[in-house]
Every structure is written in structure tokens, then in C-alpha cells.
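Peer 1: heads up, no residue letters with this:
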């Protein structure tokens, strides 16, 4: 009962209050300027019925998934490498520190110049958004591997291959998971930005397209869907994390 | 597990110098000589800063002496060896491996075939009384059980020397007493050479055939006490109390000297 109250009823009350306040506030303005929740739900239904919505969602998710996986497959090995070799890290770290604060969106003009309009600039921007968190957490996770783990490995005569694959990688794994988690969030946020700027499809494009037709209700529908899908992805990530955590013997 | 090969450790004029942050040189261990017989149980005790951990690290090959030599079984120690296993105070267990997986680690590193490795690991776990917990992960175990796992991991590879660096310092008093008895039982059964670092004088007298009392500034041997009491020792015996008194008196002397030196330095 207490579980249901905390997990379900309290959040539902908040959402109900939020929707009520929104509806009341929206009532004071023309719907083209500030649509209420009912207008937005109607817009979602309209988009869904016409079939365009599923296409946009599918494309957004594919871009997001593809760019995210690409970023992860580059960032984790690179992070493991830079974390293991102090000298390489010392050489490359300043460059990373300069490139990292540049917002992925700032890359947009170059991305369009290099890759043209379409999938590539959006993928590139999501890639950048996911890349740095994974890279940096992987590096620090490797560097934070307790010294005693390595001493034990050396003591038992484990070779460098065994030490890397069976001590350093698993020891760094929980830290890497944190990076993967952060990267999901930043990548999803930048997905919309990337699609608003350079793409002809996807949820970001849908929002821009709605603006061009002054369909404020569809703009908000797009925003709401981005939020809901973000939540779903976050929940999925959480579930994967706790599953892996249990298998890893970290979480009880 | 077959009969253990025994070892003999010889320290000759071992010295370890560090340069401090200020640039002046500090002597952690100074011109130290010590012979440890095969199958002997030796305890190193002393106040902090006496170099006992530095010394055991040099014997185990984790650290090199600045001068002098550490020889085990006639060979100069230059690196850690799977034949001389160190037991750490914080266990050094791998949290992603089960109890069995942790004990298997050393055998896998040595390339022992899986079936044989499992047999040896289970035998070692039986010796420390952990057969019930082989599928648990370290976070599910108490501190005492964790240390048993790390002892089992060491025993599984049948080392000739066990180095133990304050292995029970983080445990509560009951668990500590219990594990002391366990270590003695295992030592009596397997007869490895044991070098045991502790700052607990009672622990040293309960365990060691010889107790090496060290003094700081610079780290050196103050006194070697032969504890001629049979194992297992009754901690309430009068003989035990005699050795205890001797060691405590000697220890207070070390402490006074250390404090005086500290005052001079100020």
C-alpha cells in the first residue's frame, strides 16, 4: 500500500495538479498562442491517426540508438586505453578538455557543411553529446581501479592480458555504467536539437514543421512526446543497470 | 593439496629510503638483518612509522630495497611471486566475482585446467569453512568471511610463504580472535612460512613463534622475542602473561624513544 502510494498515487496527483493549472492558465489565452493539455492530447491523436507521428518517432529512436551506440563503441575502448596509459592520457587530456566544453550544437554549421542536410548532422551531434561523458567516465573509472586489485593480480602472476580483461575492465565497469547513463540523457536532449537544425524528419523536425504552420498544439505535442520517450528510455536504462548490477554482484 | 614446499627468507642489510615532498631523505628501514626459517611463523610488530609494512612489501616483492638484499629460497626477490602470497587488510577481493570465482582467480592466472582448479578452490574453501557460501558475492559477506576468502584464495595456489599485512586490523575483537585460531590451525596443517604484520601486541604473542619488535626513526629491529609456548596458546596462561609483559615493556621503551626523537625534531 505504502509502495503504491509512493510510486504511483503521489506522482499521479502531481501530474493531475500540473495538468489542471496548465488548463486553467491556457484558458486565458487563445489556443494558437498557448494550447491547453486537452488541445495537445487532441494534436497527438491527430498526428497518430494521420500516421506521420510513428514515422517521426521511429526515425528519432533509430538515430538516437545508432549515434549512441556508435559513440559508446568508440568512447569505451578509447577511454580504457587512455585510462590505462598515463602518458597517453597526459598527452591527450588537454585536447579533450578544450573540445569538451564546446556544445555539440556549436558544431552544427560545420556538420551541415561537411555532411549536408539529412541524417548525418543529427547523428554527428548526438554522437558528440554521448561521446564525452562516456569517454571521461571510462578514463576516470580505469584510473580509480583500487591499487590492491592490481597488486593481487600481480601477486598471483596474472599476465597483462588477464589483468586488463579480467580485473581492470570489470573493476571499471560500474563507473562506465555511470557514463552510459549520463550519456543517454545528454544524447536524447541533443537529438531534438540536431533534428530541429539539420534534419527533414524525426521529432525535432516535427516540432519545427509545426511551428512553420503555426500549429502550437503540435509543437507542444512534440515536446510532450520527447519528454515521455526520454522517461521511457531512462526507465529502460535503469532496468538494464539494476539487472547488470545484480549480475555483477554490486547491488544486493 | 599436497605437501607445501618450504622456504627460507634472508634479509641482509636491507635499507629503504624515500625522498619526502620537501626533498629531504627519510629512512623507512635501516640496515636490517633478519633470517626466517622455513615453516616458521614470525610476527612483525611496532608503532606506526617503524617500517613494518615497507618491510613486508619488500619481502613480497611489491617494493624494492634501496640497498641490501631480500632472498627467498636462495633467489633474490625482484617482483611478486605466486609462490609468496600477500594477504591484505582490505582483502583485495574482486566484487564482481563470487566467493568461488575469487578463489579460482589465482589458479586461472596460473593456467590450471578448470576442473582441477575447481577442485583445489573447493578444498581451500573447505579449509576456511566457507563451502556454504561459494556462490555469494563479497558484498554479501562479513569482514571476517571476506578475509577467509582471501586466505582461501592464497591457500588454493599452495604458496610456500604467506605474507599477512595487518589482516585482522579491520575486524571486531571476536572475529579477530576466531580468525587468529583459524590461521594457526591452517598453519599447523600446511606449515607454510608465515610473516605476519600487526600493531596488536597480544595478537603477535598469540601467533608468532618469534615476535620481531620494530622501532621507528629510522625503522629497525628493536628486539626479537622467542615465544617458547606451544600452539594453540591459552591467552589467559601465566606464561602468556610473562611474554606479554616483556613485549609491552619493550614496546613502551620504543614508544618513549620515538617520542623523545620527535621532540628533538621539533
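Peer 2: Here it is on my side, so go on. Because the structure is predicted, anything quoted here is derived from the model rather than measured.
Peer 1: state the phi and psi torsions of the closest residue to chain A within the stretch 51-200 of chain B.
Peer 2: Distances from the stretch 51-200 of chain B to chain A, computed as C-beta to the nearest C-beta, single out residue B:137 as the nearest residue at 3.1 Å. Just so you know, the C-beta spots here come from the backbone N, C-alpha and C atoms, and that holds for glycine as well. Dihedral angles of residue B:137 (phi, psi; degrees, to the nearest 10) stand at phi -100, psi 160.
Peer 1: ok, it touching residue B:100?
Peer 2: No - the criterion here is C-beta atoms under 8 Å, and residue B:137 misses it with residue B:100 at 10.6 Å.
Peer 1: quick one, which of these two is more surrounded?
Peer 2: A count of neighbours by other C-beta atoms under 10 Å in any protein chain shown puts residue B:137 above the other of residue B:137 and residue B:100, at 23 against 19.
Peer 1: and the more buried one, how far from residue A:149?
Peer 2: To residue A:149, residue B:137 is 15 Å away according to C-beta to C-beta, to the nearest Å.
Peer 1: for residue B:44, same thing?
Peer 2: Taking C-beta to C-beta as the measure, residue B:44 falls 25 Å from residue A:149.
Peer 1: which one's more surrounded, these two?
Peer 2: Per other C-beta under 10 Å, whichever of residue B:44 and residue A:149 has more neighbours is residue B:44, with 28 against 18.
Peer 1: the helices in the stretch 1-150 of chain B, which residues?
Peer 2: In chain order, the stretch 1-150 of chain B shows helices spanning B:52-60, B:99-109, B:114-127, B:143-156, with DSSP state H, counting those that start in this stretch as the criterion.
Peer 1: put together CSV for those, with mean pLDDT and distance to chain A on each row.
Peer 2: Converted to CSV, these look like this (pLDDT from 0 to 100; distance: least, C-beta to the nearest C-beta, whole Å):
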stretch, mean pLDDT, distance to chain A
helix B:52-60, 95, 7
helix B:99-109, 97, 4
helix B:114-127, 96, 12
helix B:143-156, 96, 8
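Peer 1: nearest to residue A:215, of those?
Peer 2: Relative to residue A:215, the nearest member of the helices of the stretch 1-150 of chain B by C-beta to C-beta is helix B:99-109, separated by 58.4 Å.
Peer 1: what does the closest one contact?
Peer 2: Helix B:99-109 is contacted by residues A:152-153, A:156-159, A:162, A:166, B:82, B:85, B:93-94, B:97, B:116-118, B:120-122, B:124-125, B:130, B:133-138, B:141, B:149-150, B:152-154, B:156-157 when judged by C-beta atoms under 8 Å, 6 or more residues apart in numbering or on different chains.
Peer 1: derive a ChimeraX selection command for the buried subset of those.
Peer 2: What follows is the ChimeraX syntax selecting those of those that are buried according to 16 or more other C-beta atoms under 10 Å in any protein chain shown:
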select /A:152,153,156,157,158,162,166 /B:82,85,93,94,97,117,118,120,121,122,124,125,130,133,134,136,137,138,141,149,150,152,153,154,156,157
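Peer 1: and for residue B:112, the neighbour number?
Peer 2: Count around residue B:112 with other C-beta under 10 Å applied: 18.
Peer 1: now it, nearest residue through space, not along the chain?
Peer 2: On the basis of C-beta to C-beta, 6 or more residues apart in numbering or on different chains, the spatially nearest residue to residue B:112 that is not a chain neighbour turns out to be residue B:120, at 7.0 Å.
Peer 1: then residue B:214?
Peer 2: residue B:46 (3.3 Å).
Peer 1: so is the helix or strand that contains residue A:71 next to chain B?
Peer 2: Mapping residue A:71 onto the secondary structure by DSSP states H and E places it in helix A:52-84. No - shown here: helix A:52-84 not in contact with chain B (C-beta under 8 Å from any C-beta of the partner chain), separated by at least 15.9 Å.
Peer 1: ok now that helix, how far from the chain's centre?
Peer 2: Distance of helix A:52-84 from the chain centroid (C-alpha atoms, centre = their mean, to the nearest Å) equals 9 Å.
Peer 1: buried residues in it?
Peer 2: The neighbour-count check on helix A:52-84 (16+ other C-beta under 10 Å) flags A:53, A:56-57, A:59-61, A:63-64, A:67-68, A:70-72, A:75-76, A:78-80, A:82-84 as buried.
Peer 1: what comes into contact with the helix or strand following that helix?
Peer 2: Using DSSP H and E, the next helix or strand after helix A:52-84 towards the C-terminus is helix A:86-99. Here helix A:86-99 makes contact (C-beta under 8 Å, 6+ apart) with A:81-83, A:132, A:135-136, A:139, A:143.
Peer 1: repeat the analysis, applying 7 Å as the threshold.
Peer 2: Counting contacts by C-beta atoms under 7 Å, 6 or more residues apart in numbering or on different chains, the residues outside helix A:86-99 that touch it are A:81-83, A:139.
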